[in-house]
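A.B. asks: The following comprises the amino acid sequence and a computationally predicted model.
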Amino acid sequence: LAEALKAKNKLRKLHLDSNKLGDEAVIALADALKTNRALEVIFLSNNELGDEAGKALAEALKTNKTLDRLSLDKNALGDEAGMALAAALKSNNVLRTLTLDDNKLGDETGKALAEMLRTNKKLFELRLNNNQLGDEAGTALAEVLKVNMTLSTLRMEDNKFSDKVKETIRQAVKGRRFALLI
């Protein structure tokens with residue numbers, strides 16, 4: 001599959017959810033994404049992916065010019081992968097939707113995503129439900145939501161935010177057309 005994606009083709013969507021791909025297969029797929037000029041959507045949920053796969057996908061996002069949506073929920077991505085993805089999205093001006101629900105992302109990822117959102121003007125939907133984000137991440141995200149007007153959907157249910165931080169996040173988007181689940 002990775003070799004086929006390197007060749008010229010017109011495949012725009014790739015649904016690979018629940019295939020137990022593992023890191024090795026997705027690292028090969030990420031390598032193909034570096035040069036693929038057609039694929040716009042990839043679903044890689046529930047594939048037993050860890051930090052190595054996440055970091056490889058982050059490297060691909062630095063050069064890929066077509067991927068609009070990436071779904072990585074229900075994997076085992078930790079802060080190494082989360083921070084790498086956030087760093088890649090500082091320079092990526094194509095990806096509009098990133099789904100990272102049901103992983104192992106903590107405050108370090110949350111803070112890195114907040115930093116990325118200061119400069120990224122393309123991402124409009126970010127899903128972080130059921131991770132391990134705490135008040136440090138929530139506070140950083142609340143601050144950036146005051147200045148980032150591109151992001152319009154943020155889902156962060158079932159994390160470790162205090163009620164005070166949840167309210168701070170709500171206040172940061174008050175008065176905007178914004179879909180927030182927290």
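C.D. replies: Thanks, I have the structure now.
A.B. asks: what pLDDT does the most centrally placed residue in the chain get?
C.D. replies: The residue lying closest to the centre of the chain (C-alpha atoms, centre = their mean) is L98, at 3.7 Å. Here the pLDDT value assigned to L98 is 98.
A.B. asks: A56 too?
C.D. replies: The model reports A56 with a pLDDT of 98.
A.B. asks: element containing the residue nearest to the centre of the chain, please.
C.D. replies: Element membership of L98, judged by DSSP states H and E, is strand 97-99.
A.B. asks: One more: L14?
C.D. replies: When secondary structure is defined using DSSP H and E, the element that contains L14 is strand 13-15.
A.B. asks: Against which helices or strands is that strand packed?
C.D. replies: strand 41-43 (3 or more C-beta pairs under 8 Å, 6 or more residues apart in numbering; DSSP states H and E). From N, CA and C alone the C-beta is placed, and that goes for glycine too.
A.B. asks: how about the nearest residue to N47, chain neighbours excluded?
C.D. replies: When the adjacent residues along the chain are set aside, N47 lies closest to L21, with 4.2 Å between them (C-beta to C-beta, 6 or more residues apart in numbering).
A.B. asks: neighbouring contacts of the helix-or-strand element of the chain with minimal mean pLDDT?
C.D. replies: Of the helices and strands making up the chain, the lowest-confidence element is helix 2-6, at a mean of 80, by mean pLDDT, DSSP states H and E. The set of residues that contact helix 2-6 without belonging to it, under C-beta atoms under 8 Å, 6 or more residues apart in numbering, is 11, 25, 28-29, 31-33, 35-36, 39.
A.B. asks: And the buried ones among the residues you listed, selectable in ChimeraX?
C.D. replies: When burial is assessed using 16 or more other C-beta atoms under 10 Å, the buried subset of the contacts of helix 2-6 is captured in ChimeraX by this command:
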select :25,28,29,31,32,33,36,39
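A.B. asks: Let's see which of the contacts of helix 2-6 end up in helices.
C.D. replies: When helices are assigned by DSSP state H, the members of the contacts of helix 2-6 inside them are 25, 28-29, 31-33.
A.B. asks: what's the burial count for the residue nearest to N47?
C.D. replies: For L21, the neighbour count with other C-beta atoms under 10 Å is 21.
A.B. asks: Against E24, how distant is the spatially closest residue to D31 that is not a sequence neighbour?
C.D. replies: Nearest in space to D31, with sequence neighbours left out and distances taken as C-beta to C-beta, 6+ apart, is A2 at 6.5 Å. When C-beta to C-beta, to the nearest Å is the yardstick, A2 and E24 sit 10 Å from each other.
A.B. asks: Just put the contacts of helix 2-6 in TSV and tack on pLDDT.
C.D. replies: Converted to TSV, the contacts of helix 2-6 look like this (pLDDT from 0 to 100):
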residue	pLDDT
L11	88
A25	96
A28	96
L29	96
D31	96
A32	94
L33	94
T35	91
N36	92
L39	95
